[in-house]
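**Q** Got a sequence here, can you model it:
(one chain, ligands or ions: 1)
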Amino acid sequence: MIFPTEKDVGLRELLAFYAEAGVDEALTDEPIDRFAAFEARTSAASEARVAEHTRVGQANTARDQKPGRQRAEAPSVAPAAPVAVPDEAQVALARQQAAASATLDELREHMAAFEGCNLKFTAKSLVFADGNPHADIMLVGEAPGRDEDMEGLPFVGRSGQLLDRILAAIGLDRQSVYIANVIPWRPPGNRTPTPQETEICRPFIERQIELANPKVLVTLGGPSAKTLLNTTEGVMRLRGNWKTHVTASGLSIPAMPTLHPAYLLRNPAHKKFAWRDFLEVKARLRSLADS
Ligand code: URA
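**A** The predicted structure is shown next:
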C-alpha cells in the first residue's frame, strides 16, 4: 500500500479547496498567469502614454525655442493615467458593439471579440445560441453551465433535456425555437452572475432578441425575467402573465415569463405551472399564425 506523503495531502487539500470554490475543471494543459498578462498590458499602455507625453513635450519645447516665440505654457497633455477601465466603459462598449451589429453573425463576432466581461476569461466557449434564428419563439435562460460551456450550445445539460421535453409537449423542437442566454459565458463553478456582469452582457442579449425578432419571447427563470422585462418582481408572481419586452429601437415583443427548467428539476411539483405557461405560449403562437 502506498501512503500519501505530506506533499500529497497538501495537494489534496488544495484541490478540495478549489472544488469547493467552484474551480472544477482545467481549461488548458498549461497554467496561464492572467495577473502577469494584465500587468504587461497595463504597463505597455502606460509606457505608450508616457512616450506620447514626452514626444508632445519635446515638440512643444522645440517650437518654443524658435526665434521670436513667446515661452509656451506647460504641455497640455495630461501625465500618464492609470489604465484600469471602469465597468461603465465596458457597458458603453458592449452597447456600441451590439448596436454596430447588423446581423446575428456580426453580433456573434463582436461578442467573441469582446474583452469587457471577466467571465469570458474563465469560460471555455462563447455560448451564443441554438436552434432556428427565424423561429416564431425565442427562449432566454440565465447563463450556461458546465455542459453548455463544453459544447458551446445553450441548454444541453439536464435542464436542457427537460426543456426539450417541455417543448415537445407543445409540438416544438430545437429547429422550431431559438434559444439563448442573458449571459453568454459560463460563470465559474456556475455561480450567480453579478449585477455588473449582467449589465455588461445586457446590450448583447437585447440586440440578439431585436435581430431575431421573434413573435413571442419566453424568459426562463427569475434572472432572465428581471433583466428582459425590466422588473424586480419575483418569478413566482410574474410567471403565467403576458408581459412586453421593449427593444432598444422600440419594438414591442410579447413575453411569457416562466420557471427555469433547473428549478423544475429541483421542484418537480411545480412543473404544472410551467405546463400552463407553455400552453399559453402555444395558444398565442396559434392565434398569431391564424391572424
Ligand atoms: N441554464 C441556463 O440558464 N442556460 C443554459 O444554457 C443552461 C442552463
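
**Q** For whichever residue of the stretch 151-291 of the chain sits closest to the ligand, give me its contacts.
**A** Among the residues of the stretch 151-291 of the chain, Pro154 lies closest to the ligand, at 3.6 Å counting by Cβ to the nearest ligand atom. Every residue, glycine included, has its C-beta placed from N, CA and C. Pro154 makes contact with 127, 129-130, 141, 144, 148, 160, 179-181, according to Cβ atoms under 8 Å, 6 or more residues apart in numbering.

**Q** Next: Thr247.
**A** Taking Cβ under 8 Å, 6+ apart, we find Thr247 in contact with 206, 209-210, 253.

**Q** tell me the two of those residues that are most distant?
**A** Glu206 and Ile253 (10.8 Å; Cβ to Cβ).

**Q** of the two, who's got more company?
**A** Neighbour count, other Cβ atoms under 10 Å: between Glu206 and Ile253, Glu206 has more, with 22 against 19.

**Q** Please report the distance of the most centrally placed residue in the chain from Pro203.
**A** The centroid of the chain falls nearest to Ile183 when counting by Cα atoms, centre = their mean (2.7 Å). Distance from Ile183 to Pro203, counting by Cβ to Cβ, to the nearest Å: 12 Å.

**Q** How about residues contacting the helix or strand harbouring Arg95?
**A** Taking DSSP states H and E as the definition, one finds Arg95 inside helix 87-99. Outside of helix 87-99, the residues within contact range by Cβ under 8 Å, 6+ apart are 107, 110-111, 114, 116-117, 196, 199-204, 206-207, 248.

**Q** Filter the residues you listed down to the buried ones and express that as a ChimeraX selection.
**A** Entered in ChimeraX, the line below selects the buried ones among those, by 16 or more other Cβ atoms under 10 Å:
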select :107,110,111,114,116,117,199,200,201,202,203,204,206,207
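
**Q** The contacts of helix 87-99 in helices, which ones?
**A** Residues of these located in helices (DSSP state H): 107, 110-111, 196, 199-204, 206-207.

**Q** can you narrow the residues you listed to ones near the ligand?
**A** Among those, no residue sits close to the ligand (Cβ under 6 Å from any ligand atom).

**Q** Does the residue lying closest to Trp242 once chain neighbours are set aside fall in a helix, a strand, or a coil region?
**A** Of all residues not flanking Trp242 in the chain, Pro254 sits nearest, at 5.7 Å (Cβ to Cβ, 6 or more residues apart in numbering). State at Pro254, reduced to three classes by DSSP: H, G, I helix; E, B strand; the rest coil: strand.

**Q** From Asn230, how far out is Pro254?
**A** Per Cβ to Cβ, Pro254 is found 15 Å from Asn230.
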